[in-house]
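> Have a look; sequence and predicted model below, questions after that.
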Amino acid sequence: MHKPSPFALAATCLLALAATGALAQQRYPVTNEQRSTAQQVSQTGVPLSELAPDAPDQYTVKRGDTLWGISGIFLKSPWRWPELWGMNMQEVRNPNLIYPGQLLVLERSDGRARLRFGGGSGGGAQAAADDSAIPTVRVSPRVRIEPLTGGGAIPTLQPNLIEPFLNEPLIVEDSQMKAAPRIVAVPEDKILITRGDRAYVRGLSSTPLVQQTPGRSDDYRVFRDARAIADPVTNKVIGYEAAYLGKAQLVRGESTRDGAVVPATIDIVFAKEDIHVGDRLLPEPPRQFMAYAPHAPTAPVNGVIVSVYGDAVSLAGQNQIVLIDKGTADGIDTGTVFAIMKAGVRDVDRTQSGQTANIRLPDERNGLLMVFRPFDHLSYALILSIEDAVRIGDHIANPR
């Protein structure tokens, strides 16, 4: 019996992935611009000058790897992931479906670099086709490709860094929050509301008694009235941020009895902090499956960090969340990467005898951040890397 190589088996897995990974590809889309960039690079490769100084000749994808991290292994700029994908585009149709156990081989020739899977050029489709008629094979334990569904593919970033914040911070219009359903009362023996407590709400549509079912529209998030977000330079209000407090489930809808309004009943199922009468409810959005494909802005953008997520916090470190003053109206979308610029200090030039002059040193790059939840004029971003603490008022600019 013919025994296929481990890489032929990996290629067979990739073909199966194409058939079984459609749902995952829908969840993790690739933009037309990213695909166009990758198609161009797949034909030419990238200049050797764009490679990381210590880019290895080969690398085996491991559990716990991220696309950002692998991009940083091969390229100077990790956000330029379409180039990494493009170098191997014939074998990786969707860059969000790269799996532990796959071997990436870097080829250098004629001043250009290309990336392919180990086991031969085009190591997938043809090898798999040659072996497609084999009814039984012996699988070598030396090479293992992880499950063929989206759950086994390596993520762009570690999901735990962003997922807790996907449904927490919220930018709203002040009028929108004031019109949202509100908690109007609690049982007589309660002052503060927390997990496991019951509360009563006005403003929810009247519905009969319901039994909570996961995924239904009976799930709500609880917020405190929105606070104004002001530009740190001009002090002009540029948006409103609602403070996330917890989650609630609807038990019964609002009704009337004997000419009086009977508020809706909710149970608090999660409390980040104490909830009070007067706090507001908004529907729980559907769970999002995001790829977070990092990319530079399509046009020059200069913005500023307007707040750090968290009460009374003015400094931020790596893996913390900040709010920037740019959003979808400025062409910003999920995955946009910015350089964080540390403002140059002001000083006095005393080097000329008898003369002084006020000077300001140039701004220097302090790190990188990536937008993960954009709104019209504001966006939440994750700090990916920094050299020094990030402050409110620090500028952001296109990465270079």
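Good, I have the coordinates. Residues are numbered from 1 along each chain as shown.

> For residue 332, see how far away the residue nearest to residue 266 when sequence neighbours are not counted is.
Counting by Cβ to Cβ, 6 or more residues apart in numbering, residue 248 is the residue found nearest to residue 266 once chain neighbours are left out, at 4.3 Å. Yep, even glycine has a C-beta here, placed from its N, CA and C like the rest. With distances taken as Cβ to Cβ, to the nearest Å, residue 248 is found 32 Å from residue 332.

> Neighbour count for those two, which is higher?
The residue with more neighbours, out of residue 248 and residue 332, is residue 248; 27 against 23, by other Cβ atoms under 10 Å.

> Quick check: the gap between that one and residue 170.
Residue 248 is 15 Å from residue 170, by Cβ to Cβ.

> returning to what we had before: which residues are in contact with the residue nearest to residue 266?
Going by Cβ atoms under 8 Å, 6 or more residues apart in numbering, residue 248 touches 199, 219-222, 266-269, 281.

> next one: residue 263
Counting by Cβ under 8 Å, 6+ apart, residue 263 touches 184-185, 200-202, 254.

> Contacts for the strand or helix carrying residue 73, please.
For residue 73, the host element (DSSP states H and E) is helix 67-74. Helix 67-74 is contacted from outside by 51-52, 55-56, 59, 61, 77-81, 84, 95-96, 98, 104, 106, 115, 154-157, 293-294, 384, using Cβ under 8 Å, 6+ apart.

> Let me see the domain layout of this structure.
The record's domain split for the chain, according to automatic domain parsing, is 6-161, 167-283, 302-397.

> Name the residues that touch the host helix or strand of residue 104?
With secondary structure defined by DSSP H and E, residue 104 is part of strand 103-109. Outside strand 103-109, the residues that touch it by Cβ under 8 Å, 6+ apart are 7, 48, 51, 55-61, 70, 74, 88, 113-119.

> partners of it, with directions?
The pairing partners recorded for strand 103-109 under DSSP bridges are strand 58-60 (antiparallel), strand 112-117 (antiparallel).

> Now intersect the contacts of residue 263 with the strands, please.
Those of the contacts of residue 263 mapping onto strands are 184-185, 200-202, per DSSP state E.

> the helices in this structure, which residues?
With DSSP state H, the ranges of helices along the chain come out as 6-20, 22-27, 32-44, 67-74, 81-86, 125-131, 174-178.

> How many residues are close by the nearest residue in space to residue 63 that is not next to it in sequence?
Using Cβ to Cβ, 6+ apart and skipping residues adjacent in sequence, the residue nearest residue 63 is residue 100, 4.6 Å away. In terms of burial, residue 100 registers 17 neighbours under the definition other Cβ under 10 Å.

> Counting neighbours, what do you get for residue 67?
That count, for residue 67 with other Cβ under 10 Å as the rule, works out to 24.

> Report the separation between the residue nearest to residue 266 and residue 265.
10 Å.

> what do those two both touch?
residue 199.

> residues near the closest residue to residue 59 other than its chain neighbours, how many?
Setting aside the residues directly before and after it, residue 59 is nearest to residue 104 in space (Cβ to Cβ, 6+ apart), at 4.9 Å. Here the number of neighbours of residue 104 (other Cβ under 10 Å) works out to 22.

> ok, now residue 160?
For residue 160, using other Cβ under 10 Å, the count is 9.

> how close does it get to residue 179?
34 Å.

> Please name the nearest non-neighbouring residue to residue 178.
Leaving out its chain neighbours, the residue that sits closest to residue 178 by Cβ to Cβ, 6+ apart is residue 225, at 7.7 Å.

> actually residue 184, not the one I wrote
Distances taken as Cβ to Cβ, 6+ apart place residue 202 nearest to residue 184, at 4.8 Å, with adjacent residues excluded.

> ok, what's across the strand from the one you found?
Applying DSSP bridges, one finds that residue 202 bridges with residue 182.

> Show the contacting residues for it.
With Cβ under 8 Å, 6+ apart, residue 202 has these contacts: 181-182, 184, 254, 261, 263-264.

> Can you read off the pLDDT for it?
As summarised for this prediction, residue 202 has a pLDDT of 94.

> what's the distance between it and residue 389?
44 Å.

> Quick check: the gap between the residue nearest to residue 178 and residue 197.
20 Å.

> what's the answer for residue 367, then?
In this view, residue 367 and residue 197 are 41 Å apart by Cβ to Cβ.

> These two: which is more packed in?
residue 367 (20 against 16).

> surely the more buried one meets residue 340?
Yes: under the criterion of Cβ atoms under 8 Å, residue 367 makes contact with residue 340 at 4.5 Å.

> what sits in contact with each of the two?
Counting by Cβ under 8 Å, 6+ apart, the contacts common to residue 367 and residue 340 are 383, 386, 390.

> got those as TSV, with pLDDT, distance to residue 357 and neighbour count columns?
Formatted as TSV, those follow (pLDDT from 0 to 100; distance: Cβ to Cβ, whole Å; neighbours: other Cβ atoms under 10 Å):
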residue	pLDDT	distance to residue 357	neighbour count
383	93	35	22
386	89	32	20
390	91	30	24
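
> can you redo these as a markdown table with distance to residue 323?
Shown next, in a markdown table, are the shared contacts of residue 367 and residue 340 (distance: Cβ to Cβ, whole Å):
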| residue | distance to residue 323 |
| --- | --- |
| 383 | 12 |
| 386 | 16 |
| 390 | 12 |
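
> Narrow those to those in strands?
Those of the shared contacts of residue 367 and residue 340 lying in strands (DSSP E): 383, 386, 390.
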